[in-house]
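K.L.:
predicted model, plus sequence, below.
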Amino acid sequence: MNKQRILFALFLIYFVFAILLNSVGTVILQVIGNYGVTKSGASVLEGFKDLPIAIVSFLVASFLPRIGYKKAMLAGLALVTFACMAMPLVPGFLTTKLLFLCVGVAFALVKVSVYSTLGLIAADRKQHASIMNTLEGFFMVGVLSAYWVFGYFIDSDNPQSQSWLQVYWVLAALCAMTFALVLTTQFDESTAALPPERSLAQDFAAMLKLFFKPLVCVFVITAFLYVLIEQSVGTWLPTFNNEILKLPAAMSVQVTSIYAACLAAGRLSAGVLMRKLNWYPVMNGCVLGMGAMVLLALPLTHDIAHDPYVTWSSAPVAAFLFPLIGLFMAPIYPGINSVMLSSLPKHQHSAMTGLLVIFSALGGTTGSLVTGYVFGNFSGHFAFYLTLAPISIILIMLYFFKKSVDAGADGYGGSAIITGQH
């Protein structure tokens, strides 16, 4: 088994899905202009993406090792390849909904498979944490690329233009290339095999039992709240830049890339930082930094006048300041994921990732819908100020997460992780 080739395949898969998943904010901005959809109506695209992720993960994660991680990844890549091709061929809001539906189903298969495969190739807990941060950092590189790729095809002077749909030919080709790479890569999944005497119903019951462990329960709630914040900001930041900061449509999307760049930089460097420092104070510092950025940047977004000749040099300071929240957000998600997965035997990684994916998807949908409703019915300022509520709750949940870890990983035999080496 060539571990380097497998890692490259996993990183490329995550890069592709990063573009597809996090294009929803850009697509919302475009369908509002193209198809006359309201903000609240457009916000359902997040649900079409995230709810299938939750449902499919719930149904298949517990017995995915029986199907095979490689087969699941290939199925997901094939599905999104055809969905991307449909976008320019059959343009419309319904096709857009179906695209994100397919992306959600595919990502459920892919994420559980990718996370579980990491457990197969990581030599120890430190390497697991390092690969996890690199993988999530590479995901954010994909997100960063998405803003520029989509921005290149958007016609800012004509909101009705459907030139942006041509980007999906590029994405379809990228998906097909990734499919070919995975197809020709050898995977050894023998160590993830489930007990042969156990039935599918018992596999499913074992996943549900995981949730009732105190450590797991606190973990999934923390992950839910984190993704709620990340998705609400990432999804609605292009619209915020366009309507509140008065930036042109293409520039609104491209400026949002600063947010993705901060997440990428934070996660790619977090592996080194968290190998030297205890994970708990790092997490607390990041959460406090998130709250500080909200309180510092949002007051600067009021009373901005429209400038038809605005450029990067003349854009409001808030356009560059608020996205820096991504630097503080970056280490939280891969950090808590690594602590949690490292405490489990390899054959349970799929089930645990299933729970993670379910609650992450629900968090993303909740964040987008709530932010979209508040943005449309109150103001963009108030919508982003509301992130302070889940930020405060995460700070509290991290305390209970640390307490559960220090108690001995709740009987998982994960005494090594209570040393705080992540």
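P.N.:
Arrived safely.
K.L.:
where along the chain do the strands fall?
P.N.:
Counting by DSSP state E, the chain has no strands to list.
K.L.:
what part of it, helix or strand, is modelled with the least confidence?
P.N.:
helix 200-211 (a mean of 76; mean pLDDT, DSSP states H and E).
K.L.:
any idea of the pLDDT on Gly104?
P.N.:
In this model, Gly104 is scored at 92, pLDDT.
K.L.:
now Ile358
P.N.:
Reported pLDDT for Ile358: 81.
K.L.:
tell me which other helices or strands the least confident helix or strand of the chain touches.
P.N.:
helix 214-243, helix 349-377 (3 or more CB pairs under 8 Å, 6 or more residues apart in numbering; DSSP states H and E). Quick note: C-beta positions are derived from backbone N, CA and C, even for glycine.
K.L.:
which parts of the stretch 51-200 of the chain are helices?
P.N.:
In the stretch 51-200 of the chain, the helices defined using DSSP state H, counting those that start in this stretch lie at 64-67, 69-89, 93-121, 125-153, 167-183, 200-211.
K.L.:
quick one: residues in contact with the second one.
P.N.:
It stands for helix 69-89. Helix 69-89 has contacts (CB atoms under 8 Å, 6 or more residues apart in numbering) with 13, 16-17, 20, 60, 64, 95-96, 98-99, 102-103, 105-110, 112-114, 116-117, 165-166, 168-169, 171-172, 175-176, 178-179, 182-183, 185, 187, 189, 192.
K.L.:
check the offset of it from the chain's centre.
P.N.:
The chain centre lies 18 Å from the centre of helix 69-89; the measure is CA atoms, centre = their mean, to the nearest Å.
K.L.:
thinking again about what came up before, which one, of the helices of the stretch 51-200 of the chain, ends up nearest to Phe8?
P.N.:
Counting by CB to CB, Phe8 lies closest to helix 167-183 out of the helices of the stretch 51-200 of the chain; the figure is 7.6 Å.
K.L.:
what is the orientation angle of the closest one with helix 93-121?
P.N.:
Here the directions of helix 167-183 and helix 93-121 differ by 30 degrees (axes from the mean of the first three to the mean of the last three CA atoms, to 10 degrees).
K.L.:
in space, what's closest to Lys3 - neighbours in sequence excluded?
P.N.:
In space, Lys3 comes closest to Ile121 once its chain neighbours are excluded; the distance is 4.9 Å by CB to CB, 6 or more residues apart in numbering.
K.L.:
now the one you found: how far from Ser350?
P.N.:
15 Å (CB to CB, to the nearest Å).
K.L.:
hang on, the earlier thing: mind checking the helices of the stretch 51-200 of the chain for the one nearest to Ile28?
P.N.:
helix 93-121 (9.5 Å).
K.L.:
so for Ile121 and Ser350, which sits in the more crowded spot?
P.N.:
Ser350 (29 against 18; other CB atoms under 10 Å).
K.L.:
need the pLDDT of that one.
P.N.:
Taking Ser350 on its own, its pLDDT is 79.
K.L.:
numbering from 15 from now on, please.
P.N.:
With the count now opening at 15, the last piece we talked about shows up as Ser364.
K.L.:
can you tell me how far it sits from Phe238?
P.N.:
From Ser364 to Phe238 the distance is 19 Å (CB to CB).
K.L.:
show the contacting residues for Met307.
P.N.:
335-336, 338-339, 342.
K.L.:
can you tell me which of those are in helices?
P.N.:
If you go by DSSP state H, those have 335, 339, 342 in helices.
K.L.:
what sits against the first one?
P.N.:
Meaning Leu335. Leu335 touches 307, 310-311, 314, counting by CB under 8 Å, 6+ apart.
K.L.:
try the second one
P.N.:
Contacts for Ile339 (CB under 8 Å, 6+ apart) come out as 247, 273, 276, 303-304, 307-308, 311.
K.L.:
repeat for Thr199
P.N.:
Neighbours of Thr199 in contact, by CB under 8 Å, 6+ apart: 16, 19-20, 23, 84.
K.L.:
returning to what we had before: out of the contacts of Leu335, which is most surrounded?
P.N.:
Most surrounded of those: other CB under 10 Å gives Met307, at 22 neighbours.
K.L.:
tally of neighbours for Thr325?
P.N.:
For Thr325, using other CB under 10 Å, the count is 9.
K.L.:
do Pro330 as well
P.N.:
Pro330: 20 neighbours (other CB under 10 Å).
K.L.:
was I right to think it contacts His316?
P.N.:
No. Using CB atoms under 8 Å as the test, Pro330 is too far from His316 to be in contact (10.2 Å).
K.L.:
show me where pLDDT drops low in the protein?
P.N.:
15, 139-140, 203-212, 422-436 (pLDDT under 70).
K.L.:
and the helices in the stretch 265-414 of the chain?
P.N.:
271-290, 293-311, 332-335, 339-343, 346-355, 363-391, 394-399, 402-420.
K.L.:
just those helices: most buried one?
P.N.:
helix 346-355 (a mean of 26; mean count of other CB atoms under 10 Å).
K.L.:
my guess is Pro39 contacts Leu251. True?
P.N.:
I think there's a mix-up here, since residue 39 is Gly and not Pro. Yes. At 6.5 Å, Gly39 and Leu251 qualify as touching, with contact defined as CB under 8 Å.
K.L.:
give me the common contacts of the two.
P.N.:
With CB under 8 Å, 6+ apart, Gly39 and Leu251 have common neighbours Thr270.
K.L.:
distance of Ala194 relative to Ser356?
P.N.:
Counting by CB to CB - Ala194 and Ser356 are separated by 32 Å.
K.L.:
so for these two, which residue has more residues nearby?
P.N.:
Ser356 (23 against 12).
K.L.:
pretty sure the more buried one sits against Gln141.
P.N.:
No. Contact criterion CB under 8 Å: Ser356 and Gln141 do not qualify, at 10.1 Å.
K.L.:
follow-up on the earlier one: compare the helices and strands packed on helix 214-225 and give me the one nearest Ala421.
P.N.:
Closest among those, using CB to CB: helix 228-257, at 7.9 Å.
K.L.:
having no further points to raise, I will conclude here.
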